[in-house]
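J.: Make a model of this:
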Amino acid sequence: MLSRFLIWEPRIGEANVGDKTQYWIGFNRVSGIGPTRLRTLLDAFGSLETAWHATAEDLQAAGLGPKTVQALIETRERLDLDQEIARIAALGIHITTWQDENYPIRLKEIHSPPPVLYVRGEIKPQDRWAAAVVGTRRATAYGKTTAREVSSVLAASGVTVVSGLARGIDSIAHQAALEVGGRTLAVLGSGLDQIYPPEHRKLAESIAGNGAILSDYPLGTRPEPRNFPPRNRIISGLSLAVIVIEAGVGSGALITADFAGEQGREVFAVPGDIHRRTSQGTNRLIRSGARPLVSPEDVLEALNMDVVARQEVADKVLPEDDTERRVLEVLGSEPIHVDELQAQCGLPISQITASLAMLELKGRARQVGGMQYIRAREQRAEYRVE
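T.: The predicted model follows:
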């Protein structure tokens, strides 16, 4: 059944932009506080700094349960936030949060995106044109060849290759992207100081030099099995499409495909030998509605790379100004009339209409009739298969 993809809005613009990074890091270390509870705290206290120092009574009044309040109190008693910031910086890691302009735009679209990302390297605006290439750790010669070909073509065409740094298909996808001078992002199921598998440390360094390694897990987090399904949700969330090269029926790559479907992303699967275990998962995906990948160009066609190229040129020639950024902050998935835009932005109507014209050219905004506009989804698939 086809269903409309809905954007979850973290209402980033409402957060106190003066919130200090260390408080985001602090709350990220508190067991039981995820995106929803963090949003609750921001709504209740206005800033994370105020919430961090709140009394137990005020925290409970804001909606936190006793166990979560106790976990927060214990964390702030033992955690030196200044030392944590220094430790992160010493490892060459930087933090991006909901409130930052450089937070990945694709990831911001999904339901309950991670509030904090630890990043080594750089996530760039062009990384919004990304595809995930994932698959089994026990790849066959066929799978390895296919992963290398697909990743090379994508990266050479300007598509950022996203994967999980795992053995097998993941590492081949990263390496192939780097070999053609393309960009690649690796999402870890551990802290960035706990590279896993350890033999991929050199590869991780290379990725950080022409892309980024990232995680929503704090430093020191071990690569435990329970960490990887949430990691897979970020892999698909960063991407416009997910390509499963080879996967057995219990493969984590299928979890990534499931998340991709929920997030409205395109799902491709490489057909394989019906007698091979590593093809059972991909063949079942195709039977369930995933698009069979018979050439790398299938993905480029689905991503509409001609449109991508035109929008990238527009971005470089016509960068966003302050007015465009203010208009974008107001635009969302629900249509809003130009008069309401003008009222909320507090700017002359001539500036609003001129900015909307530029944003349409760049693929950032779309008119839906009657002088009403929405934030464009930039060629992301609107439907998913259930």
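J.: The stretch 1-150 of the chain: strands as residue ranges?
T.: Shown for the stretch 1-150 of the chain, the strands assigned by DSSP state E, counting those that start in this stretch span residues 2-4, 94-97, 116-121, 130-134.
J.: Quick check, residue 130 in contact with residue 161.
T.: Yes. Contact criterion Cβ atoms under 8 Å: residue 130 and residue 161 qualify, at 7.3 Å. From N, CA and C alone the C-beta is placed, and that goes for glycine too.
J.: in the stretch 201-350 of the chain, which ranges drop under the pLDDT threshold?
T.: By pLDDT under 70, the low-scoring segments of the stretch 201-350 of the chain are 304-321.
J.: where do the strands sit along it?
T.: For the stretch 201-350 of the chain, applying DSSP E, counting those that start in this stretch gives strands covering 211-215, 241-244, 266-269, 291-292, 336-337.
J.: Those strands into CSV, with extra columns for mean neighbour count and distance to residue 189?
T.: Below are the strands of the stretch 201-350 of the chain laid out as CSV (neighbours: other Cβ atoms under 10 Å; distance: least, Cβ to Cβ, whole Å):
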stretch, mean neighbour count, distance to residue 189
strand 211-215, 26, 8
strand 241-244, 29, 17
strand 266-269, 26, 21
strand 291-292, 15, 27
strand 336-337, 15, 39
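J.: Nearest to residue 71 among those strands would be which one?
T.: Residue 71 lies closest, by Cβ to Cβ, to one member of these: strand 211-215, at 20.8 Å.
J.: still on that earlier bit, may I see the strands of the stretch 201-350 of the chain organised as a markdown table, with distance to residue 69 added?
T.: A markdown table is the format used below for the strands of the stretch 201-350 of the chain (distance: least, Cβ to Cβ, whole Å):
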| stretch | distance to residue 69 |
| --- | --- |
| strand 211-215 | 26 |
| strand 241-244 | 38 |
| strand 266-269 | 41 |
| strand 291-292 | 47 |
| strand 336-337 | 38 |
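J.: how's this structure carved up into domains?
T.: Listed domain ranges for the chain are 2-91, 122-303, 306-383 (source: automatic domain parsing).
J.: Any idea which of those domains gets closest to residue 102?
T.: With Cβ to Cβ as the measure, domain 122-303 is the member of the domains of the chain nearest residue 102 (6.3 Å).
J.: Check the offset of the closest one from the chain's centre.
T.: Relative to its chain's centre, domain 122-303 lies at 13 Å (Cα atoms, centre = their mean, to the nearest Å).
J.: how long is it from one end to the other?
T.: 23 Å (Cα to Cα, to the nearest Å).
J.: can you check stretch 100-107 too?
T.: 13 Å.
J.: What mean pLDDT does that stretch get?
T.: Averaged across stretch 100-107, pLDDT comes to 88.
J.: So for that stretch, what gets flagged as buried?
T.: Within stretch 100-107, the residues that count as buried by 16 or more other Cβ atoms under 10 Å are 103-107.
J.: Can you give me the distance of the nearest residue to residue 160 once chain neighbours are set aside to residue 114?
T.: Distance criterion Cβ to Cβ, 6 or more residues apart in numbering; nearest residue to residue 160, sequence neighbours excluded, is residue 130 at 4.0 Å. Relative to residue 114, residue 130 is positioned 16 Å away (Cβ to Cβ, to the nearest Å).
J.: Low-confidence regions, the stretch 1-150 of the chain specifically.
T.: Low-confidence segments of the stretch 1-150 of the chain (pLDDT under 70): 1-19.
J.: Tabulate the domains of the chain in CSV, adding columns for distance to residue 97.
T.: Shown next, in CSV, are the domains of the chain (distance: least, Cβ to Cβ, whole Å):
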stretch, distance to residue 97
domain 2-91, 5
domain 122-303, 11
domain 306-383, 16
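J.: Pick the most deeply packed of the ones you listed.
T.: domain 122-303 (a mean of 21; mean count of other Cβ atoms under 10 Å).
J.: For residue 172, which non-adjacent residue is spatially closest?
T.: That would be residue 147: by Cβ to Cβ, 6+ apart, it lies 4.5 Å from residue 172.
J.: Show the contacting residues for that neighbour.
T.: Counting by Cβ atoms under 8 Å, 6 or more residues apart in numbering, residue 147 touches 133, 135, 139, 169, 172-173, 176, 245.
J.: quick one: it and residue 275, what's the gap?
T.: Residue 147 is 20 Å from residue 275, by Cβ to Cβ.
J.: Pretty sure residue 91 sits against residue 120.
T.: Yes. Between residue 91 and residue 120 there is a contact under Cβ under 8 Å: 7.5 Å.
J.: joint contacts of the two?
T.: residue 192.
J.: need the longest helix for this structure.
T.: Longest helix of the chain, by residue count under DSSP state H: helix 141-156.
J.: Output the contacting helices and strands for the helix or strand just after that one.
T.: Next helix or strand after helix 141-156 toward the C-terminus (DSSP states H and E): strand 160-163. Here strand 160-163 touches strand 130-134, helix 141-156, helix 169-179, strand 184-187, going by 3 or more Cβ pairs under 8 Å, 6 or more residues apart in numbering; DSSP states H and E.
J.: which one of those lies closest to residue 367?
T.: That would be strand 130-134 among the helices and strands packed on strand 160-163, by Cβ to Cβ, at 26.8 Å.
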